[in-house]
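Student: following is a predicted model, sequence given first.
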Amino acid sequence: PSADELEKFRSAFLFDGAEIGTNTTQAHPPKIVFDGAKDVRLGKKPFKVGYYQGESTMYSKETWISSSTALPPVEMTVTNSTIVSAAPESTVWGNTDTNSLCIGHGCNAILNVEAGTYITNRLMVGCCFNNTAYKNGVVRQHGGEVVTLSGDNAYQGSDVGHRGGYGYYELADGRLVCRGGLGVGLYTVGALYQYGGELSFTNRLDKPGSGGALAVACANGGKGVWRMSGGKAIFPWSLSLANGGNDSVAYALVEGDADVDVFTGYVYLGGGGSQQYNHMKYGYLCLNGDSTFRVMGFYKPANGDDEGAPFRSAACLSFDGGTLRLTSAGSKDVFHPNGLARNIYALNHVYVCDGGMTIDTTEASGRWTDVPLEGLGGNGVTGVVGFKPVTGLMGPPRLVVTGDGSNAVVFADFDSKTGTMTGITVGCPGEGYTTATLTTEGTVMTDGQKSWTCTLAPNRNEGAFTKAGEGAFTFKAENSYGGKTVLAGG
């Protein structure tokens, strides 16, 4: 075609229900490339990248997890292009795939977002709405801007890992802007890793007062992982980790020079939802390295006035070098803001690991804690025996420590270019272990070991507490951390 014809062609795409996928006979699935496409529009019907209509033993959950001959994924790469929703934002709703860009819907798929790209739509990564497909969806963002659309809450919005699929979102650079909620690991396993760039949340266009939040493992059976190793994350309202849903577990690690700002909101950790049948919710947040975390406070929510709720959920916060920057709050207690409502409970544990912790009261004098700051006792997890890189992965697996101790949290190191788990990072070593095993969960694993014996070492309990910034901070409980107490200001 002529240059004029090519220019017209590049700006005239409308997909309304397209399905690009594979079947059992295709050893080389399609690759889709948008390069310089100026106006690609997605209609109300979903655009499914990685789609397989039928179901067979080839695509069953058990076969995909154990097979070494799984088909390669469908792959879509977007560079210097614009892909926008052609449907009104008010139509993005419900527990369906309406008006969505689906990555991994019936077979495995990858979306690469490169520099100069702008995408806005409801985004479903590793999604299955009939609970039978168990497929893997991956987004690797290396630049550009992705704006996700949402419904009235996190359960009606954009998700990474939804109802039977495994989802992984990697933000290496660029901006990920969420209009409304973003769920990670809803009813299934999902992971969000951030190495740079910016993750932020804002209002829906059609509901200016309707803000959203990051919701990790906030639905029944959800297993969510959030790891932030760099860049900035902005949560204007709140952050939820295993807040709601039964038998849900959230692991979160903020490390390196990562910067998190929850503005005037709280972190909801390990609670909420229905409390019947003794179902558990576990929320773990590790603040490590030179990371900073600005927030009003933390609490464990419960459902209504159910007094049994505190004993059926666990909320653990650990520090291994991180800095907590406090903002003003309706309740002065940082880890037990019980002045807010009668169904607010204290965190189960606030650990000070050997890297220590810092609380900065520059913006919020007069805060206190009636939750003790604890050192770790006995043996903790330090690594695994005989680790070798695990290849053939779509994304990082969720790692689970089992043994006779408690509260060890471990994260997979992952190289998305090669699909390799290169090692592990201990977020919190836990305490009281004499034996422990590490196992994987979530992503398709076609090669390599899936469980290891953990190495253990005595916790030194040398972590220091540093009080920084002007103003006062008060202990109202007996602490057990073993390091120094340093008054650096106020």
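Tutor: Ah, there it is.
Student: hey, where'd the strands end up in the stretch 251-400 of the chain?
Tutor: For the stretch 251-400 of the chain, strands defined by DSSP state E, counting those that start in this stretch occupy the ranges 259-261, 266-271, 281-288, 292-295, 297-301, 313-320, 323-326, 344-345, 349-352, 357-360, 367-369, 373-374, 379-384, 398-403.
Student: residue boundaries of the helices in this protein?
Tutor: Assigned helices in the chain, in chain order: 3-10, 61-66 (criterion: DSSP state H).
Student: by mean pLDDT, show me the worst of those.
Tutor: Mean pLDDT is lowest for helix 61-66 among the helices of the chain, at a mean of 30.
Student: compare the strands of the stretch 251-400 of the chain and give me the one nearest residue 460.
Tutor: Across the strands of the stretch 251-400 of the chain, residue 460 has its closest neighbour in strand 379-384 (9.4 Å, Cβ to Cβ). Placement of C-beta: from N, CA and C, glycine included.
Student: can you list contacts of the closest one?
Tutor: Strand 379-384 is contacted from outside by 401, 405, 408, 410, 424, 426, 428-434, 436, 438, 452-459, using Cβ atoms under 8 Å, 6 or more residues apart in numbering.
Student: just the buried residues from those, in ChimeraX please.
Tutor: Buried subset of these, written as a ChimeraX selection, criterion 16 or more other Cβ atoms under 10 Å:
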select :401,405,408,410,424,426,428,429,430,431,432,433,436,438,452,454,456,459
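Student: any idea how far the residue lying closest to residue 261 once chain neighbours are set aside is from residue 314?
Tutor: The shortest distance from residue 261 to any residue other than its chain neighbours is 4.6 Å, reached at residue 294 (Cβ to Cβ, 6 or more residues apart in numbering). Residue 294 sits 25 Å away from residue 314, going by Cβ to Cβ, to the nearest Å.
Student: please apply the same query to residue 18.
Tutor: Residue 18 sits 44 Å away from residue 314, taking Cβ to Cβ as the criterion.
Student: more neighbours, these two?
Tutor: The neighbour comparison of residue 18 against residue 314 (other Cβ atoms under 10 Å) goes to residue 314, with 22 against 16.
Student: is it true that the more buried one touches residue 269?
Tutor: No. With contact defined as Cβ atoms under 8 Å, residue 314 does not reach residue 269; the gap is 9.1 Å.
Student: overlap in contacts of the two?
Tutor: Shared contacts of residue 314 and residue 269, counting by Cβ under 8 Å, 6+ apart, come down to residue 283.
Student: please enumerate the strands of the stretch 1-150 of the chain.
Tutor: Under DSSP E, counting those that start in this stretch, the stretch 1-150 of the chain gives strands at 13-15, 19-21, 31-35, 40-42, 47-51, 74-79, 82-85, 100-105, 109-113, 118-127, 136-141, 145-148.
Student: how about the nearest residue to the residue positioned nearest the centre of the chain, chain neighbours excluded?
Tutor: By Cα atoms, centre = their mean, the chain has its centre lying nearest to residue 226, at 3.1 Å. Spatial nearest neighbour of residue 226, chain neighbours left out: residue 252 (4.4 Å); criterion: Cβ to Cβ, 6+ apart.
Student: beta partners of that neighbour?
Tutor: Counting by DSSP bridges, residue 252 is bridged to residue 226, residue 285.
Student: gap between it and residue 394?
Tutor: Separation of residue 252 from residue 394 (Cβ to Cβ) stands at 21 Å.
Student: try residue 454
Tutor: Distance of residue 454 to residue 394, given as Cβ to Cβ: 25 Å.
Student: ok, residue 458 touching residue 378?
Tutor: Yes. Counting by Cβ under 8 Å, residue 458 does reach residue 378; the two are 7.2 Å apart.
Student: isn't residue 300 up against residue 266?
Tutor: No. Assessed by Cβ under 8 Å, residue 300 is found out of contact with residue 266, at 10.6 Å.
Student: ok, what's across the strand from residue 19?
Tutor: Beta-bridge partners for residue 19, by DSSP bridges, are residue 48.
Student: how long is stretch 240-249 end to end?
Tutor: 11 Å (Cα to Cα, to the nearest Å).
Student: before we move on, what about stretch 160-177?
Tutor: End-to-end for stretch 160-177, by Cα to Cα: 14 Å.
Student: what do you get for stretch 318-334?
Tutor: End-to-end distance of stretch 318-334 (Cα to Cα): 14 Å.
Student: look up how far residue 234 lies from the residue nearest to the centre of the chain.
Tutor: Using Cβ to Cβ, residue 226 is found at 14 Å from residue 234.
Student: also residue 484?
Tutor: From residue 484 to residue 234 the distance is 33 Å (Cβ to Cβ).
Student: which residue of the two possesses the greater neighbour count?
Tutor: residue 234 (16 against 11).
Student: quick check: the residue lying closest to that one once chain neighbours are set aside vs residue 117, distance?
Tutor: Excluding the flanking residues, the one nearest residue 234 by Cβ to Cβ, 6+ apart is residue 200, at 4.0 Å. Relative to residue 117, residue 200 is positioned 17 Å away (Cβ to Cβ).
Student: among those two, which residue is more densely surrounded?
Tutor: residue 117 (24 against 14).
Student: by mean pLDDT, which helix or strand of this protein comes out lowest?
Tutor: When each helix and strand of the chain is scored by mean pLDDT, DSSP states H and E, helix 61-66 comes last, with a mean of 30.
Student: check contacts around residue 219.
Tutor: So residue 219 contacts 155, 183, 186-187, 244-245, 248 (Cβ under 8 Å, 6+ apart).
Student: okay, the strands of the stretch 251-400 of the chain in JSON lines with mean pLDDT and distance to residue 335 next?
Tutor: Shown next, in JSON lines, are the strands of the stretch 251-400 of the chain (pLDDT from 0 to 100; distance: least, Cβ to Cβ, whole Å):
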{"stretch": "strand 259-261", "mean pLDDT": "97", "distance to residue 335": "17"}
{"stretch": "strand 266-271", "mean pLDDT": "86", "distance to residue 335": "9"}
{"stretch": "strand 281-288", "mean pLDDT": "94", "distance to residue 335": "11"}
{"stretch": "strand 292-295", "mean pLDDT": "96", "distance to residue 335": "11"}
{"stretch": "strand 297-301", "mean pLDDT": "86", "distance to residue 335": "5"}
{"stretch": "strand 313-320", "mean pLDDT": "92", "distance to residue 335": "7"}
{"stretch": "strand 323-326", "mean pLDDT": "96", "distance to residue 335": "10"}
{"stretch": "strand 344-345", "mean pLDDT": "74", "distance to residue 335": "10"}
{"stretch": "strand 349-352", "mean pLDDT": "97", "distance to residue 335": "6"}
{"stretch": "strand 357-360", "mean pLDDT": "98", "distance to residue 335": "11"}
{"stretch": "strand 367-369", "mean pLDDT": "92", "distance to residue 335": "5"}
{"stretch": "strand 373-374", "mean pLDDT": "97", "distance to residue 335": "9"}
{"stretch": "strand 379-384", "mean pLDDT": "98", "distance to residue 335": "22"}
{"stretch": "strand 398-403", "mean pLDDT": "96", "distance to residue 335": "24"}
